[in-house]
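A.B. asks: For reference, the sequence and a predicted model appear below.
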Amino acid sequence: SFDSNIMPSLAALQERLSLSEEQLKKIVTRLPSVLSYSFESNIVPTLAALQERLSLNEDQLKKVVIQRPSVLGFSVESNIFPFLAALKSRLSLSEEQLRKVVVRMPPVLA
C-alpha cells in the first residue's frame, strides 16, 4: 500500500540523498516507476555501486540521480558497469575523467 510501502521508500530515498521536496518531486515525476522500487533491494545497491564505481561524493551522487533518475532502475551489472567500461575504453579516459563526464552530464548514462 501507499502508506506502508511507497511512503517509507520515498522518505528513505529523500534522506539518503538529502533531497529537498522539490528534488524528490522531480525524480518521481521523471521516473514514476521509482514508486514501485524497493529501497533496500533496488535503490540502495544501485546507489552504492554507482558511488563506489565512480568514486562519487554525496553531492555528485545526488546530482547524477536528480538529473538522470532512470539510473535507479538500471541494472548495475548489465547496464551501468558495461557502459562505463566501454565509454572509458573508447575515449581512453582516466577514472577521474570518467567521473567528470558522468557528473557534468548524467544523461550520458542513458
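C.D. replies: Here it is on my side, so go on. Residues are numbered from 1 along each chain as shown.
A.B. asks: rest of the way, CA atoms for contacts and neighbours
C.D. replies: Fine.
A.B. asks: For this protein, just list every one of the helices.
C.D. replies: Secondary structure of the chain by DSSP state H: the helices cover 7-17, 21-30, 44-54, 58-67, 81-90, 95-104.
A.B. asks: and the first one with helix 58-67, angle?
C.D. replies: Meaning helix 7-17. Orientation note: helix 7-17 sits at an angle of 130 degrees relative to helix 58-67 (axes from the mean of the first three to the mean of the last three CA atoms, to 10 degrees).
A.B. asks: circling back: relative to residue 73, which of the helices of the chain is closest?
C.D. replies: Across these, residue 73 has its closest neighbour in helix 44-54 (8.2 Å, CA to CA).
A.B. asks: before we move on, the earlier item: quick one, which of the helices of the chain is packed in tightest?
C.D. replies: Most buried of the helices of the chain, by mean neighbour count (mean count of other CA atoms under 10 Å): helix 58-67, with a mean of 18.
A.B. asks: which residues sit against that one?
C.D. replies: 17-19, 23, 26-27, 47, 50-51, 71-72, 102-103, 106-107 (CA atoms under 8 Å, 6 or more residues apart in numbering).
A.B. asks: before we move on, back to that, just send the helices of the chain back as TSV, with mean pLDDT and distance to residue 37 too.
C.D. replies: Shown next, in TSV, are the helices of the chain (pLDDT from 0 to 100; distance: least, CA to CA, whole Å):
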stretch	mean pLDDT	distance to residue 37
helix 7-17	93	8
helix 21-30	96	11
helix 44-54	95	10
helix 58-67	96	15
helix 81-90	95	20
helix 95-104	96	23
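A.B. asks: sorry, back to before: closest to residue 86 out of the contacts of helix 58-67?
C.D. replies: The closest of the contacts of helix 58-67 to residue 86 turns out to be residue 102 (CA to CA; 13.3 Å).
A.B. asks: got a list of what the closest one touches?
C.D. replies: 64, 108-109 are the contacts of residue 102 under CA under 8 Å, 6+ apart.
A.B. asks: Put together TSV for those residues, with distance to residue 9 on each row.
C.D. replies: Formatted as TSV, these follow (distance: CA to CA, whole Å):
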residue	distance to residue 9
64	19
108	26
109	23
